[in-house]
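Engineer: no sequence for this one, just the structure:
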């Protein structure tokens with residue numbers, strides 16, 4: 001969880017969405033926020049990204065891989081918060097991971 005200004009950090013996660021199994025599943029979206037751990041101030045937000053490209057029909061697990069741009073972050077401690085929701089109004093619990101940019 002320590003990066004030295006590397007431009008290529010990949011976040012892998014899985015979104016569990018049981019409503020994807022039926023014939024007409026809801027749309028699923030996700031995004032992440034990065035907070036400075038020292039100040040708890042948000043320094044980056046992806047906005048909501050559709051998970052359509054990651055969904056496999058009939059599978060309740062959505063494997064997601066996205067690039068995290070750490071090269072623009074100054075050295076310090078950060079917290080990444082992953083968020084996911086579907087169009088039916090269901091929200092997954094926020095998941096967090098701490099990391100450092102050297």
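Structural biologist: Yes, it's here. If you're wondering where the values come from, they're calculated on a predicted model, not measured in any experiment.
Engineer: could you measure from the residue lying closest to residue 85 once chain neighbours are set aside over to residue 17?
Structural biologist: Excluding the flanking residues, the one nearest residue 85 by Cβ to Cβ, 6 or more residues apart in numbering is residue 91, at 4.5 Å. The C-beta positions use only the backbone N, C-alpha and C, and glycine is treated the same way. Distance, residue 91 to residue 17, using Cβ to Cβ, to the nearest Å: 11 Å.
Engineer: quick one: which of those two has more around it?
Structural biologist: residue 17 (22 against 9; other Cβ atoms under 10 Å).
Engineer: under the pLDDT cut-off, which ranges of the protein? List them.
Structural biologist: By pLDDT under 70, the low-scoring segments of the chain are 5-7.
Engineer: please enumerate the strands of it.
Structural biologist: Assigned by DSSP state E, the strands in the chain fall at 2-3, 9-16, 28-36, 42-45, 49-50, 61-68, 76-86, 95-101.
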